[in-house]
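[1] using only what follows, build the 3D model:
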Amino acid sequence: MASNSPEALGSVPAASDTFFLLMDTARLFYQALGESIVDNEQGLTPASLRALGAVIRYQGAGLNGIAARMDLEPMSLIAQIDRLTKAGLVERRESPTDKRKKPLYPTAKAFKVMRDLDPCFDNLYRAMTQDIQADEMDRLAAVLTKMRANMTTDPSITASFTLLPDEPEKA
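    Next comes the predicted model:
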């Protein structure tokens with residue numbers, strides 16, 4: 001493992017160090033996200049916010065499809081989806097082709113909640129990126145985009161999206 005000394009911080013880390021750094025940064029981000037949204041009116045936790053974000057991103061997908069994209073077992077996701085449904089943030093609709101399936105869609109209220117939480121997201125982003133130049137963040141985003149593309153060709157994962165569209169997709 002690389003040293004944490006100031007001299008070593010400017011060096012390129014070994015692959016294993018990079019993977020650990022990426023995972024640890026994601027963990028710290030998830031922790032900071034929880035702290036930044038702790039007082040939201042809906043009582044959303046990072047896990048429920050992640051589930052809601054996945055429903056927004058993959059709207060129209062079923063529980064199994066969303067769980068797979070989140071790397072969760074469907075049984076681990078269903079309680080979050082049930083809470084989001086009860087809160088009026090997610091709705092299950094009838095599938096036009098298979099009556100057994102209930103595709104998931106965000107409601108207009110879900111988009112309002114995301115817009116209401118946007119200042120929390122902005123504050124978290126500013127805290128995370130302090131002392132980092134815009135061009136460095138652009139390069140990081142480009143590298144992460146390439147890394148993701150190297151790991152999957154699933155267009156629902158690689159396509160750009162926003163959690164804050166003007167209107168939810170209509171049935």
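
[2] okay, now the spatially closest residue to Pro46 that is not a sequence neighbour: neighbour count?
    Here the nearest residue to Pro46 in space, its sequence neighbours aside, is Gly34; by CB to CB, 6 or more residues apart in numbering that works out to 4.4 Å. Where you see a C-beta, it was placed from the backbone N, CA and C, and this is true even at glycine. Burial of Gly34, expressed as a neighbour count using other CB atoms under 10 Å, amounts to 14.

[3] from Ala149, how far out is Asn64?
    24 Å (CB to CB, to the nearest Å).

[4] what do you get for Gln31?
    In terms of CB to CB, Gln31 sits 27 Å off from Ala149.

[5] figure out how far the helix or strand in which Phe121 is found is from the centre of its chain.
    Under the criterion of DSSP states H and E, Phe121 resides in helix 108-128. Mean-position distance between helix 108-128 and its chain equals 12 Å (CA atoms, centre = their mean, to the nearest Å).

[6] surely Leu49 is in contact with Leu33?
    Yes. If you go by CB atoms under 8 Å, Leu49 and Leu33 touch, sitting 7.1 Å apart.

[7] ok, those two, which is more surrounded?
    Comparing Leu49 with Leu33 by neighbour count (other CB under 10 Å), the higher total belongs to Leu49, at 24 against 18.

[8] dump the residue contacts of the more buried one.
    With contact taken as CB atoms under 8 Å, 6 or more residues apart in numbering, Leu49 is in contact with 33, 37, 117.

[9] confidence-wise, which of those comes last?
    For these, the model is least confident at Ile37; its pLDDT is 86.

[10] what about that residue, how many residues nearby?
    For Ile37, the tally of surrounding residues (other CB under 10 Å) stands at 19.

[11] is it true that it touches Pro46?
    Yes. Proximity of Ile37 to Pro46 meets the contact threshold set by CB under 8 Å, at 7.3 Å.

[12] mutual contacts of those two, please.
    Common neighbours of Ile37 and Pro46, counting by CB under 8 Å, 6+ apart, are absent.

[13] just the strands from this structure, written as ranges.
    Secondary structure of the chain (DSSP state E): strands at 90-92, 104-106.

[14] deepest of these, which one?
    strand 104-106 (a mean of 22; mean count of other CB atoms under 10 Å).
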